[in-house]
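Could you look at this predicted model? Sequence included:
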There are 2 protein chains.
Amino acid sequence: MSVRREAILEVLTSGPGHLSAQEIHRAAQERLPRIGIATVYRALKFLCACGKAAEFIPADGVARYEPAGSRAHHDHLICNSCGSFIEAVEPEIEKLQIRLAARHGFKPSSHKLEIYGICSRCSGK
Amino acid sequence: MSVRREAILEVLTSGPGHLSAQEIHRAAQERLPRIGIATVYRALKFLCACGKAAEFIPADGVARYEPAGSRAHHDHLICNSCGSFIEAVEPEIEKLQIRLAARHGFKPSSHKLEIYGICSRCSGK
DNA sequence: TGGCATATGATAACGATTATCATTATCCCA
DNA sequence: TGGGATAATGATAATCGTTATCATATGCCA
């Protein structure tokens, strides 16, 4: 783990989560002003490969990153109004996914559940 | 509905489904050799807007399109080996998603469930 | 200290998608 | 039916996120 990769992991764990590569780059530049965007992408790929970070790609097609490893799997509630991401877990859904996959002779390795809608903050306004 | 948009909808309904814009472009060119890629993108956006097609974006970030309207919602099992898409439904999951959203004060409007793994054809080999 | 593998930054390249703009087809009403 | 407004189209440039390239810098071990 180089200094930059440590810094990028630190950005992931200390930040609000669900950051894009560009946002991570900007945040990292506050500590390491000369860090390049390519290094950020390389670091993110590295961190995902060794299980310290996780990538997911929502409906806008832009990859987001979050710290992983010590964190449990979770799904995302994504607000169409303010763009915020809420993490949520429903263990029953996890079980049903396995059953659904099995019914089709499919061996699941990972899954992604995203629910789009309006968050409580936006609907309250 | 112009001639090209009809043709593109026809490609969607007659094809194997889950096609990318480029694949749709190639298929449409068999009937309309002079059709441009921009027209394909415009037609797809139009068809999605009027509910005749649906777009979804899997983990590779490349949008896929399928006919919609008369078709029920379904989730996707995506094979990491051969890239095939299997459509599947689990009504219980649909209900649980609503419950999960409600628990967070979230008003769901749509959702996306993708399960990645190995399909029966690939694991059988 | 020397040497080699790895990491880095700048930047070019790439692929998907969108915007632009001139041209063409389509529609609608007189 | 004609003609003009409107929408659709095709070619292509632009954009954006991401990856590849390559020369340089850094770290590490002998």
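Yep, that arrived. Numbers count the residues shown, from 1 in each chain, chains lettered A, B, ... in the order given.

For A:Phe85, give me its contacts.
Residues near A:Phe85 by CB atoms under 8 Å, 6 or more residues apart in numbering or on different chains: A:17-18, A:64, A:76-79. Every residue, glycine included, has its C-beta placed from N, CA and C.

Buried by neighbour count, from those residues: which ones?
A:18, A:64, A:76-79 (16 or more other CB atoms under 10 Å in any protein chain shown).

sorry, back to before: among the contacts of A:Phe85, name the ones in strands.
Among the contacts of A:Phe85, the residues falling in strands (DSSP state E) are A:64, A:76-79.

would you list the buried ones among the contacts of A:Phe85 in a markdown table and tack on distance to A:Phe56 and pLDDT?
Output for those, formatted as a markdown table (distance: CB to CB, whole Å; pLDDT from 0 to 100):
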| residue | distance to A:Phe56 | pLDDT |
| --- | --- | --- |
| A:His18 | 8 | 93 |
| A:Arg64 | 6 | 96 |
| A:His76 | 7 | 95 |
| A:Leu77 | 13 | 96 |
| A:Ile78 | 11 | 94 |
| A:Cys79 | 16 | 94 |
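
and which of the residues you listed is nearest to A:Arg4?
A:Arg64 (19.7 Å; CB to CB).

A:Ala88: what's it in contact with?
A:74-77, B:100-101, B:103-104.

Most neighbours of all the residues you listed, which one?
Using other CB atoms under 10 Å in any protein chain shown as the neighbour test, those are led by A:Leu77, with 28 neighbours.

so which of the buried ones among the contacts of A:Phe85 are also by chain B?
When contact is defined as CB under 8 Å from any CB of the partner chain, the buried ones among the contacts of A:Phe85 meet chain B at A:77, A:79.

A:Leu19 is in contact with A:Val62, isn't it?
No: using CB atoms under 8 Å, A:Leu19 is not in contact with A:Val62; the gap is 10.4 Å.

For these two, indicate the residue with more neighbours.
Legend: neighbour count by other CB under 10 Å for A:Leu19 and A:Val62, higher for A:Leu19 (20 against 13).

can you list the contacts of A:Phe85 in TSV and add distance to DNA strand D?
Formatted as TSV, the contacts of A:Phe85 follow (distance: CB to the nearest atom of the strand, whole Å):
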residue	distance to DNA strand D
A:Gly17	16
A:His18	13
A:Arg64	8
A:His76	16
A:Leu77	21
A:Ile78	16
A:Cys79	19
